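J.: need coordinates for the following:
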Amino acid sequence: MKLKIDSHTKEILAIAAPVTAQSLFNTLMHAVDSKMVSSLGISRIAAVSYTNSPRLFVFALFFAMNTVITILVSEKLGKNKKEDALKTIKTALLLVTIVSLLFGLMTYLFRNEIMSLFVKEAQTLKESAQYFGIVMFFSVFTLLSAAVNAVNVAIKKSVSVLNSSIMANIINILFDYLLIDGHLGLPAFGVKGAAFATIIGQIFGLIVSLYYFVSNKTFSLKDMVKVKTEFKDSTKEIFRLWKNVCLSDISERAGLFILAIINAKAGTLAYSVYTIGNYYLNVNFAVGKGLSTSSLALISRNRDNREAVKNYIRSLVRIYFFLTVLFIIVYPLSGLKVFTLYSDNELFVNLGRNSVLLIASVTPFHIISVVSMGVLNSIKDNLYVSKVALISMLLVECTVSYIFVVLLEMGVYGIWVGCISIYLVESVCYILRIRKKSVELLF
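T.: A predicted model of the protein is given here:
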């Protein structure tokens, strides 16, 4: 019996599949880094993972820009305003390049001070600061690649997101092998080798993203060069939308920044378990991001066609239910095998196995919260998303985590209770908002 997929679902999957795969490959890249450095000891896993929160806090500024790029370019192309779309693209890419270079330099100069907020043990601090400094100094390649891919999604070249990530990960794994322990005559750089491998991979990923960008059929590179950029007006337009989207992302990353400081108090072993368990949450986020990006591009392009919007929402819900049921079954079955890949420490493995059960229980709420954010952003309800993100992350999760991690000393279980709290709050708030906005979400 042949499975029939309606046209709206096909459109969603055409965008969501490569975006999801790209996010999964990024998770794989971090997992490989952790696996490679785990040969140097469990503490090295923590040394690399401690850098995630401050790095992503800075990147949140640019993730918000990527959302804005996809919304504005999709909307303008949907209205056949190609020249306006080109102006937006040129301005956005220029802004990303300039700002990322400035932030890269600043974070490199203050790498030790930043990482000392999270790490107190001298050797772990030294290695965390080294990794963070290298990755941030060269972050322009990572951030520009993401911005170009945001444009590619808007011009229906979303396959570039997947292919650039595949290239970046292949190169990253190769150079992890060569540089961490030292092979083929190269010196062993340890944790610094993982950082260099990540950057080299991102450079190759950027090359692939640019290839798809310059070879698109929507407009030529000549059109891009010829269009006169109204930098001031385009920047104002971008900033008007960016400030609301950014508030949401910054709230989330600020919360994660504070949480990392709180969660670090659970100890190196608990934080290492959390790091590996967090890869499951990254899978949830990857799926949610793929569906969210689909809603951004398709609903933005068809905002005036209410029936089309309803059909996209229905298709999103069907896909969501299928995937969440699948994950709830698969996650608990994989927990023991996944954690034994990183260490044979019995306590580490047992904590990890139990952690996966908690993660599986919250998976439905995690994915629906990410997807709902995309739907609300696509109908320009960004301010509400920002308010919910601010309250749920900075107030709810940070408070809950502090109580269970610091006051009750529940270790890694306290960390997971904090995670569960935010996904419950966000999913309920976003679904109620979608219903209030009269966009049908069918259960």
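J.: once you drop chain neighbours, what's closest to Thr51?
T.: Phe132 (4.2 Å; Cβ to Cβ, 6 or more residues apart in numbering). Heads up, the C-betas are built off the backbone N, CA and C, glycines and all.
J.: then Val135?
T.: Ala195 (5.2 Å).
J.: next, count neighbours for the one you found.
T.: For Ala195, the tally of surrounding residues (other Cβ atoms under 10 Å) stands at 26.
J.: so it is in which element?
T.: helix 191-214 (DSSP states H and E).
J.: how far does that helix sit from the chain's center?
T.: Chain-centre distance of helix 191-214: 16 Å, with Cα atoms, centre = their mean, to the nearest Å.
J.: so what does it touch, helix or strand wise?
T.: Packing partners of helix 191-214 (3 or more Cβ pairs under 8 Å, 6 or more residues apart in numbering; DSSP states H and E): helix 7-38, helix 42-49, helix 122-137, helix 139-154, helix 159-179.
J.: would you single out the least confident of these?
T.: Sorting these by mean pLDDT places helix 42-49 lowest, at a mean of 69.
J.: measure how far the very next helix or strand once past it is from the centre of its chain, please.
T.: For helix 42-49, the following helix or strand on the C-terminal side (DSSP H and E) is helix 52-78. Its chain's average C-alpha position is 11 Å from that of helix 52-78, according to Cα atoms, centre = their mean.
J.: same for helix 52-78, what does it pack against?
T.: helix 82-109, helix 122-137, helix 139-154, helix 231-264, helix 268-301, helix 346-378.
J.: and the ones you listed, which one is worst for confidence?
T.: Minimum mean pLDDT among the helices and strands packed on helix 52-78: helix 231-264, a mean of 72.
J.: if we can go back for a sec, can I get the helices and strands packed on helix 52-78 in JSON lines with mean neighbour count and distance to Phe339?
T.: Listed next are the helices and strands packed on helix 52-78 as JSON lines, based on neighbours: other Cβ atoms under 10 Å; distance: least, Cβ to Cβ, whole Å:
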{"stretch": "helix 82-109", "mean neighbour count": "18", "distance to Phe339": "32"}
{"stretch": "helix 122-137", "mean neighbour count": "21", "distance to Phe339": "21"}
{"stretch": "helix 139-154", "mean neighbour count": "25", "distance to Phe339": "28"}
{"stretch": "helix 231-264", "mean neighbour count": "19", "distance to Phe339": "18"}
{"stretch": "helix 268-301", "mean neighbour count": "24", "distance to Phe339": "6"}
{"stretch": "helix 346-378", "mean neighbour count": "21", "distance to Phe339": "3"}
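J.: between those, which gets nearest to Glu11?
T.: Nearest to Glu11 among those is helix 268-301; the distance by Cβ to Cβ comes to 6.0 Å.
J.: and that closest one, what does it pack against?
T.: Packed next to helix 268-301, using 3+ Cβ pairs under 8 Å, 6+ apart, are helix 7-38, helix 42-49, helix 52-78, helix 139-154, helix 231-264, helix 306-340, helix 346-378, helix 412-436.
J.: out of the ones you listed, nearest to Asn169?
T.: Closest of these to Asn169 is helix 7-38, at 4.7 Å (criterion: Cβ to Cβ).
J.: okay, the angle between that closest one and helix 268-301?
T.: If you take axes from the mean of the first three to the mean of the last three Cα atoms, to 10 degrees, helix 7-38 sits at 160 degrees to helix 268-301.
J.: and helix 7-38, what does it pack onto?
T.: Against helix 7-38 (3+ Cβ pairs under 8 Å, 6+ apart) you get helix 42-49, helix 139-154, helix 159-179, helix 191-214, helix 268-301, helix 306-340.
J.: could you export these as a markdown table, including distance to Lys87?
T.: Below are those laid out as a markdown table (distance: least, Cβ to Cβ, whole Å):
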| stretch | distance to Lys87 |
| --- | --- |
| helix 42-49 | 40 |
| helix 139-154 | 13 |
| helix 159-179 | 21 |
| helix 191-214 | 16 |
| helix 268-301 | 17 |
| helix 306-340 | 27 |
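J.: ok, which of those comes nearest Thr67?
T.: helix 268-301 (6.6 Å).
J.: so how far is that closest one from its chain's centroid?
T.: Averaging C-alpha positions (Cα atoms, centre = their mean) puts helix 268-301 6 Å from its chain's average.
J.: what angle sits between it and helix 52-78?
T.: When the same axes, to 10 degrees is applied, the directions of helix 268-301 and helix 52-78 differ by 10 degrees.
J.: okay, the helices and strands packed on helix 191-214 in JSON lines with distance to Val388 next?
T.: Converted to JSON lines, the helices and strands packed on helix 191-214 look like this (distance: least, Cβ to Cβ, whole Å):
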{"stretch": "helix 7-38", "distance to Val388": "22"}
{"stretch": "helix 42-49", "distance to Val388": "27"}
{"stretch": "helix 122-137", "distance to Val388": "29"}
{"stretch": "helix 139-154", "distance to Val388": "23"}
{"stretch": "helix 159-179", "distance to Val388": "27"}
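J.: minimum distance to Leu94: which of those helices has it?
T.: Taking Cβ to Cβ, helix 139-154 is the member of the helices and strands packed on helix 191-214 nearest to Leu94, at 10.1 Å.
J.: returning to what we had before: check which residues of the helix holding Ala195 are buried.
T.: 191-206, 208-210, 212-213 (16 or more other Cβ atoms under 10 Å).
J.: Met373 reaches Ile431, doesn't it?
T.: No. Met373 is beyond contact range of Ile431, at 11.2 Å (criterion: Cβ atoms under 8 Å).
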